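> Okay, predicted coordinates and the sequence, questions at the end:
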Amino acid sequence: MGSDFFDELGETLTRTAKEIGERADSFFEVQKLRNKISTEQRMVNKRKMDIGTLIFQRYLQGEALDDEVAALCEEISCHKKTVFEYQEEIAKMRGERICPCCGASVDKEAAYCPKCGTPCAPQENKGKAEDEAAEVADYEWEEETEEETEEITEEESEEKDGENQKEQKEEE
């Protein structure tokens, strides 16, 4: 009688351990697939950003775009102009100015940009230099935006992975 109890207990423990092992294997396989899905989604988002960057570059070059895209590009240009104005304010507070070619901060007394070597016009002659600096700021803004977007998509995918794990635990 006692041995029957221990035999059943042993079989139950063996069965339970086997089921837990199968569930763990299943969980890991599902997680691997979810990670692959996240990787593919990040690639899709990166390609979407690449498409957006190309369209915006075409807009800057004066190519004709449909009205919706042109309106979005115009809005982006306004935001970039505002960013450039803020950068100029910061430079003024520091006793500097913005290089019209590369957008770097330059001492207001410097005749040339230490970063790119471009002659820097005195503060009074703003018109053309400001336009050139805005174009450079657009380029730098695009690079910064791409880096930020990659960071954001990585953070979002990590958050989604965490949410997926929570959902999976709730299902079990």
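Structure's in. What do you need?

> Can you work out which other helices and strands pack against the longest helix along the chain?
Among the segments of the chain that qualify as a helix by DSSP state H, the longest is helix 2-60. With contacts defined as 3 or more Cβ pairs under 8 Å, 6 or more residues apart in numbering; DSSP states H and E, helix 2-60 has these neighbours: helix 67-93, helix 127-171. (C-beta placed from N, C-alpha, C; glycine too.)

> pLDDT of it, averaged?
Across helix 2-60, the average pLDDT comes to 88.

> Okay, angle between it and helix 67-93 too, please.
Computed with axes from the mean of the first three to the mean of the last three Cα atoms, to 10 degrees, the direction of helix 2-60 lies at 90 degrees from that of helix 67-93.

> follow-up on the earlier one: rank the helices and strands packed on helix 2-60 by mean pLDDT and give me the bottom one.
helix 127-171 (a mean of 54).

> who's V106 bridged to?
R97 (DSSP bridges).

> ugh, wrong one, P119
Y112.

> Restricting to C-alpha, output stretch 38-57 in PDB.
Taking Å, rounded to 0.1, in the frame of the first residue of the first chain, the C-alpha atoms of stretch 38-57 are listed here in PDB:
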ATOM      1  CA  SER A  38      10.300  42.700 -33.100                       C
ATOM      2  CA  THR A  39      13.500  42.700 -35.200                       C
ATOM      3  CA  GLU A  40      11.500  42.700 -38.400                       C
ATOM      4  CA  GLN A  41       9.200  45.500 -37.100                       C
ATOM      5  CA  ARG A  42      12.300  47.600 -36.300                       C
ATOM      6  CA  MET A  43      13.600  47.100 -39.900                       C
ATOM      7  CA  VAL A  44      10.200  48.100 -41.300                       C
ATOM      8  CA  ASN A  45      10.200  51.300 -39.100                       C
ATOM      9  CA  LYS A  46      13.700  52.100 -40.200                       C
ATOM     10  CA  ARG A  47      12.800  51.700 -43.900                       C
ATOM     11  CA  LYS A  48       9.800  54.000 -43.300                       C
ATOM     12  CA  MET A  49      12.100  56.600 -41.800                       C
ATOM     13  CA  ASP A  50      14.400  56.200 -44.800                       C
ATOM     14  CA  ILE A  51      11.500  56.800 -47.200                       C
ATOM     15  CA  GLY A  52      10.500  59.900 -45.200                       C
ATOM     16  CA  THR A  53      14.100  61.200 -45.300                       C
ATOM     17  CA  LEU A  54      14.200  60.700 -49.100                       C
ATOM     18  CA  ILE A  55      10.900  62.500 -49.600                       C
ATOM     19  CA  PHE A  56      12.000  65.400 -47.400                       C
ATOM     20  CA  GLN A  57      15.300  65.700 -49.300                       C
END
